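I would like to see how this sequence folds:
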Amino acid sequence: MAAFTAKDVMELRRQTDCGMMECKKALTAADGNFEKAIEILREQGLATASKKAGRIAAEGMVYAAAFDHCAVVVEVNAETDFVAKNEMFVDFTKKLAKVVADENPADVEALSACKMGDITVADALTELIQRIKENIKIRRFARYEGNCAAYVHGGGTHGVIVKFETTDEVAAKPEFVAFGKDIAMQVAAANPSYLDEASVPESVIAKEKEIVLAQMANDPKTANKPDAIKEKMAIGKLGKFFKESCLVDQAFIKDGNMDVKKYVQATAKELGGDIKIVSYTHFIKGEGLEKRNEDFAAEVAAAMKG
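Predicted coordinates:
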C-alpha cells in the first residue's frame, strides 16, 4: 500500500480543493508522491478549482431560513455578482442552510465534512466550482434553536435570524410569524449593534460618554458648567446612543410612534403570552471582505483574446 497519511490527504485537498476520495486515490496512484498526486489530479481535470483559490470571492449571497426547530443564516461567496443569480449556486446555498439546520456543525470545517446528499459538502462545493468556473467559498453561518424568525433582503444581500423566548402555543400563531419577520426586517433595515442596553460593553459606554463630555467642553453653552452637571447631562445624552444602537430601543420601522420594545409588548398582549427577543444575527454579503476593482469589460475582452 502507498505510504501516506491522513494529513497528506488533507494537505492535498487544501492545495487542490478536490474531494477527499479523489485526493486519496491520487496519492495511492502516485505511491505517496505528493507532487505526482497533484499532477494526476490536474490531468484528470479535478484540480482546476485550485487555480481559482487565490481569486477574491466577495460577491455571492446570504441566505436565511426558519425551520421547525431552528433558524439558520449562511453566507457563500463567489467572484462575481452573476454567480449569485446562478440557479446551481442558489440551490447549493439553500441546501447548505438545510445541512446546517439538520447537522448543527460546530464550524465551517465541520460543515464541510457533513453530508449533502450522497457526498460531503466539501465535495459538493468542489463540483460547483468546477461547473461554474469561479472561486466559491463557504464563509460563515449561524444557527439558533427554538422559536425563531428569518428574513432575506435584496435577493441575498442581507440575511437575519432572530431567536425569541415564548411558548410554542404563541409561536404557532400566524400573527407571531408576521411579528417575527417584522423584527428580522427591523434588524436588516436599522442594523443595530446591540440587543439592549445591558448588552453594550462598559468600555463602549465609557467611550461614548467621553465623546459627549468632550463635545460639552467645546460648546460655549456648557463648557463652564460644573463637572457634576456635565456628568448628569452626559448620561442623559447617552440615551440617544442607545436609541440608535440597541434593537429594542430603536424606533419601529413600521410605526415611528413606538419603539421595538413597545411593539414586542403590544404583540405579546395581543397573542396572550410573553415574548422576549433573546438574540439575533445579521449577515451582510461581503461585509469586511476585499472587493475586486477590475474593469469587467476589460476582463471579458481579455478572456475573448484568449
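
would you list every one of the strands in this structure?
61-66, 70-77, 115-116, 119-120, 137-145, 147-153, 158-165, 251-252, 255-259, 276-284 (DSSP state E).

where does the stretch 151-300 of the chain have low pLDDT?
Within the stretch 151-300 of the chain, the stretches with pLDDT under 70 are 290-300.

what's the closest of the strands of the chain to Ile205?
strand 255-259 (19.3 Å; C-beta to C-beta). All C-beta atoms are positioned from the backbone trio N, CA, C, and that covers glycine.

Direction included, what does that closest one pair up with?
Strand pairing for strand 255-259, using DSSP bridges, gives strand 251-252 (antiparallel).

re the thing from before, can you list the strands of the chain in TSV and add mean neighbour count?
TSV is the format used below for the strands of the chain (neighbours: other C-beta atoms under 10 Å):
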stretch	mean neighbour count
strand 61-66	25
strand 70-77	26
strand 115-116	16
strand 119-120	17
strand 137-145	19
strand 147-153	23
strand 158-165	24
strand 251-252	18
strand 255-259	12
strand 276-284	19
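
Tell me which of the ones you listed approaches Asn191 most closely.
Closest approach to Asn191 among the strands of the chain is made by strand 276-284 (6.4 Å; C-beta to C-beta).

Which elements pack onto that closest one?
Where contact means 3 or more C-beta pairs under 8 Å, 6 or more residues apart in numbering; DSSP states H and E, strand 276-284 is packed against strand 61-66, strand 70-77, strand 137-145, strand 158-165, helix 174-190, helix 260-271.

ok, back up a step: select, out of the strands of the chain, the one closest to Ala171.
Closest of the strands of the chain to Ala171 is strand 147-153, at 4.0 Å (criterion: C-beta to C-beta).

Let me know the angle separating that closest one from strand 70-77.
In terms of direction (axes from the mean of the first three to the mean of the last three C-alpha atoms, to 10 degrees), strand 147-153 departs from strand 70-77 by 30 degrees.

what does strand 147-153 rub up against?
The contact list for strand 147-153 (C-beta atoms under 8 Å, 6 or more residues apart in numbering) reads 62-66, 70-73, 158-166, 168, 171, 176-177, 179-181, 183-185, 187-188.

Strand partners (parallel or antiparallel) of that strand?
Strands that pair with strand 147-153, judged by DSSP bridges, come out as strand 158-165 (antiparallel).

Off-centre distance for the partner strand?
Its chain's average C-alpha position is 11 Å from that of strand 158-165, according to C-alpha atoms, centre = their mean, to the nearest Å.

just stretch 243-259 next, same as before
Using C-alpha atoms, centre = their mean, the offset of stretch 243-259 from its chain centre is 23 Å.

Please apply the same query to stretch 254-266.
27 Å.

Just the terminal-to-terminal distance for that stretch.
By C-alpha to C-alpha, to the nearest Å, the extent of stretch 254-266 from end to end equals 14 Å.

Save the helices and strands packed on strand 276-284 as TSV, and put in distance to Gln130 too.
As requested, those are arranged in TSV below (distance: least, C-beta to C-beta, whole Å):
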stretch	distance to Gln130
strand 61-66	20
strand 70-77	16
strand 137-145	15
strand 158-165	26
helix 174-190	34
helix 260-271	46
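
quick one: which of those is nearest Met20?
Within the helices and strands packed on strand 276-284, the stretch nearest Met20 is strand 137-145; the backing value is 16.0 Å (C-beta to C-beta).

ok, Gly19 touching Val121?
No: proximity of Gly19 to Val121 does not meet the contact threshold set by C-beta atoms under 8 Å, at 10.6 Å.

who has more neighbours, these two?
Ranked by neighbour count (other C-beta atoms under 10 Å), Gly19 and Val121 place Val121 first, with 24 against 20.

Tell me which residues touch that one, please.
Val121 neighbours (C-beta under 8 Å, 6+ apart): 96, 99, 111-115, 138.

Could you tell me which of those are located in helices?
In helices, defined here by DSSP state H, the members of the contacts of Val121 are 96, 99, 111-113.

Using ChimeraX, define a selection of the buried residues within those.
Buried residues within the ones in helices among the contacts of Val121, by 16 or more other C-beta atoms under 10 Å, are selected in ChimeraX with:
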select :96,99,111,112
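
now, which of the ones in helices among the contacts of Val121 sits nearest Asp274?
Val99 (33.0 Å).

What residues does that closest one make contact with?
Contact analysis of Val99 by C-beta under 8 Å, 6+ apart lists 105, 111, 114-116, 121.

JSON lines for those, including distance to Cys23 and pLDDT?
As requested, the contacts of Val99 are arranged in JSON lines below (distance: C-beta to C-beta, whole Å; pLDDT from 0 to 100):
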{"residue": "Pro105", "distance to Cys23": "21", "pLDDT": "97"}
{"residue": "Leu111", "distance to Cys23": "19", "pLDDT": "97"}
{"residue": "Cys114", "distance to Cys23": "18", "pLDDT": "97"}
{"residue": "Lys115", "distance to Cys23": "18", "pLDDT": "96"}
{"residue": "Met116", "distance to Cys23": "18", "pLDDT": "96"}
{"residue": "Val121", "distance to Cys23": "16", "pLDDT": "96"}
